[in-house]
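Peer 1: Just the structure for this:
(2 chains)
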There are 2 protein chains.
Amino acid sequence: MSGLPRRRYAILAEGRLHEAKTAHGVLRYGKDEVVAVLDSTLAGESVAGAMPDLLPDPGRDAPIVATLQEALAHGPTSVLVGVAPAGGRLPGEWMETLREASEAGLEIVGGLHQRLGPEFPGAKVWDVREPPSEVPIFSGEGFAVGPKVALTVGTDAAIGKMTATLELERTARAAGITTAFVPTGQTGVIVAGWGVCVDAVVSDFVAGVSEMLVLQAAKSSPDLILVEGQGSLAHPAYSGVTLGLLHGSCPDCLILCVSPDDTPGYAGVPRPSPARAARLYEEVAALVKPAPVVAVSANTRGLTNGEAQAFVGKIAYETGLPTADPFRDSADPILEAVLGS
Amino acid sequence: MSGLPRRRYAILAEGRLHEAKTAHGVLRYGKDEVVAVLDSTLAGESVAGAMPDLLPDPGRDAPIVATLQEALAHGPTSVLVGVAPAGGRLPGEWMETLREASEAGLEIVGGLHQRLGPEFPGAKVWDVREPPSEVPIFSGEGFAVGPKVALTVGTDAAIGKMTATLELERTARAAGITTAFVPTGQTGVIVAGWGVCVDAVVSDFVAGVSEMLVLQAAKSSPDLILVEGQGSLAHPAYSGVTLGLLHGSCPDCLILCVSPDDTPGYAGVPRPSPARAARLYEEVAALVKPAPVVAVSANTRGLTNGEAQAFVGKIAYETGLPTADPFRDSADPILEAVLGS
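Peer 2: Residues are numbered from 1 along each chain as shown, chains lettered A, B, ... in the order given. Modelled structure (predicted):
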């Protein structure tokens, strides 16, 4: 969304930049600038040096520094908690760094379950997971949205739906297609600077909030609206979030995200095959509004190039759909399928 | 659940007893006693006289009175808001009556979106829609529940799932089968004196809360656990709640609730046919745990006996499943199907 004030982030990733998914998302895709990353174990390097595959554009590089004082020299407006702590709550030394940052006039930004607002009374805090105080019930207004709406769905949670959506957006923009990315999870919201974590919304309102986000995205009349999916229809803990988003966002088409992982999933529940998942997503979507699965986004991270190629070919064969890994290769085949649907 | 303190209700239904669904539920099915109903337009009558079809058991009858003072003479412990107000908020004179009841030592019980606790500081208030402060994520423990678990699902919201579930419970108990009813909506919770309104829970936790309720119900080792369904897989606003409950409660079998209404549903979305709904519920349930639809509960309210019989026959033919209206006729065919599955 345009017109929002731009942030300049210092990202807190002490000792864990390599696994800091929120940090990676903001560094690679963020609308806002990253002026410094705090990780004393990598201090002196730059992000592009430490993680050669992360940044598609050298202009997005940022220095890695050891202390908040060094970060402040780069003029940040905001300090972002870039790593989810193992125990769920931030360690004491991180809280101390956030306090110092706040005293230096910085906004604190966190996407954790742990809300930071109450921990820093008087400070400027953006708790990304905190839903809006007023949330609507689904109205049906989303049925009349003008631009084409595509939603990513998955055979599992945490399978790369946000990455697929953002890579598709990058590819579309590069092709001169105006797009609006609709963020529905914490990293997506920080990347885009707006949105709602739909899984933090009271369940009666998930569809209504999803519809509201698409209506907001439609205001700028983009060529294409790309909605970040959540969870999976087959995930026993989060399927309700997935379906609220699927029905509420009123998509015209779906992109199925898959991975080669065929071990038992959450709570021992098997992941559905891509073909079965595609069929079920279509059938369940059609209860409210038809939305064909037009392409498959394959997350081949950890595979060799040969293995990845074989996996992509296998999924394309099994589903009969254009299939690509938009991160390793290109999102072009997926974009083409979305535009042609 | 046993061991909970029993309430003695005075029900507030001024001018609207005939449409007071929460009041009807508590009068017909409630574990707690109703000692008086406030509706000055029917004062002097009894509930059984005013609504001949409502009470299956003459022992559940209650006097209708005109004032709170008269109701207090019957020794209530609690005053229940028995009608949902049109505008969403209770009118001033009702608030005044609740204040007087509270001053007389009564607990205030409300199942509305409007929370009453903050309106009556210091009073004893049970806001039925207020979720527990600590809610769990789904764990998979529900897969190992011993007793058979049956869940009601529907082709639409507000189609009689609670009534079907409670009629099935009455029938099972009469047949000497120990049952636990799992309440998931406001009237069900008031009827049973425990439970959670799952649609008021943050969406990440709907499956976990549903699982928790079934685990609680299983503690008394009943022969059968009957879970009150919510919403519909085809309802664009509430399908997420429905799916969270469907996966989280880990049912062994489903009872599909249908009505003859084939006009467009919420936001113009068509209601699915019973056969299509049954197939989809089964397919979506099977992503996590198989649960066949074993019977159909037909809500034939408003039809003549002949029309009702024809509708029940048509649905049985279309679905190939035992079908009955448990309210008009008997829940026996449904109970038999559940036990035989």
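Peer 1: who in the stretch 201-341 of chain A is up against chain B?
Peer 2: Residues of the stretch 201-341 of chain A lying near chain B by Cβ under 8 Å from any Cβ of the partner chain: A:201-204, A:206-208, A:233-234, A:236-245, A:247-248, A:266-269, A:272, A:280, A:283-284, A:287-289. No exception for glycine: its C-beta is placed from N, CA and C like everyone else's.
Peer 1: Got a ChimeraX select line for the buried ones in the residues you listed?
Peer 2: Those of those that count as buried under 16 or more other Cβ atoms under 10 Å in any protein chain shown are selected in ChimeraX with:
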select /A:201,202,203,204,206,207,208,233,234,236,237,238,239,240,241,242,243,244,245,247,248,266,267,269,272,280,284,287,288,289
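Peer 1: what about the helices in the stretch 1-150 of chain A?
Peer 2: A:21-29, A:47-50, A:68-72, A:92-103 (DSSP state H, counting those that start in this stretch).
Peer 1: residues of the second one that come out buried?
Peer 2: If you call a residue buried by 16+ other Cβ under 10 Å, then helix A:47-50 has these buried ones: A:47-48, A:50.
Peer 1: what's the answer for the longest one, then?
Peer 2: For helix A:92-103, the buried set under the neighbour-count rule, 16+ other Cβ under 10 Å, comprises A:94, A:97-98, A:101-102.
Peer 1: try stretch A:293-306
Peer 2: Those buried within stretch A:293-306 under the rule 16+ other Cβ under 10 Å are A:293-300, A:303.
Peer 1: and those residues, which two are the farthest apart?
Peer 2: A:Val294 and A:Leu303 (23.9 Å; Cβ to Cβ).
Peer 1: ok and the residue in the stretch 51-200 of chain A nearest chain B?
Peer 2: Of all residues in the stretch 51-200 of chain A, A:Gly140 sits closest to chain B, at 3.0 Å by Cβ to the nearest Cβ.
Peer 1: my guess is that residue contacts B:His235, does it?
Peer 2: No: contact criterion Cβ atoms under 8 Å: A:Gly140 and B:His235 do not qualify, at 11.6 Å.
Peer 1: Which neighbours do these two have in common?
Peer 2: Counting by Cβ atoms under 8 Å, 6 or more residues apart in numbering or on different chains, the contacts common to A:Gly140 and B:His235 are B:266, B:269.
Peer 1: Which one's more surrounded, those two?
Peer 2: B:His235 (28 against 16; other Cβ atoms under 10 Å in any protein chain shown).
Peer 1: so the more buried one, which of the three states?
Peer 2: coil (DSSP: H, G, I helix; E, B strand; the rest coil).
Peer 1: tell me which of the buried residues of helix A:92-103 is nearest to B:Lys219?
Peer 2: Among the buried residues of helix A:92-103, and counting by Cβ to Cβ, the member closest to B:Lys219 is A:Trp94, at 40.9 Å.
Peer 1: can I assume the closest one is in contact with A:Leu12?
Peer 2: Yes: applying Cβ under 8 Å as the test, A:Trp94 and A:Leu12 come out as touching, 6.4 Å apart.
Peer 1: shared neighbours of these two, anything?
Peer 2: Common contact partners of A:Trp94 and A:Leu12 (Cβ under 8 Å, 6+ apart): A:Val81.
Peer 1: Not including adjacent chain positions, what is the nearest residue to A:Ala331?
Peer 2: A:Thr171 (3.9 Å; Cβ to Cβ, 6 or more residues apart in numbering or on different chains).
Peer 1: what angle sits between the helix or strand where that neighbour lies and helix A:21-29?
Peer 2: Following DSSP states H and E, one finds A:Thr171 within helix A:161-174. Calculated by axes from the mean of the first three to the mean of the last three Cα atoms, to 10 degrees, helix A:161-174 forms an angle of 10 degrees with helix A:21-29.
Peer 1: hang on, the earlier thing: report pLDDT for the residue of the stretch 51-200 of chain A closest to chain B.
Peer 2: pLDDT recorded at A:Gly140 is 98.
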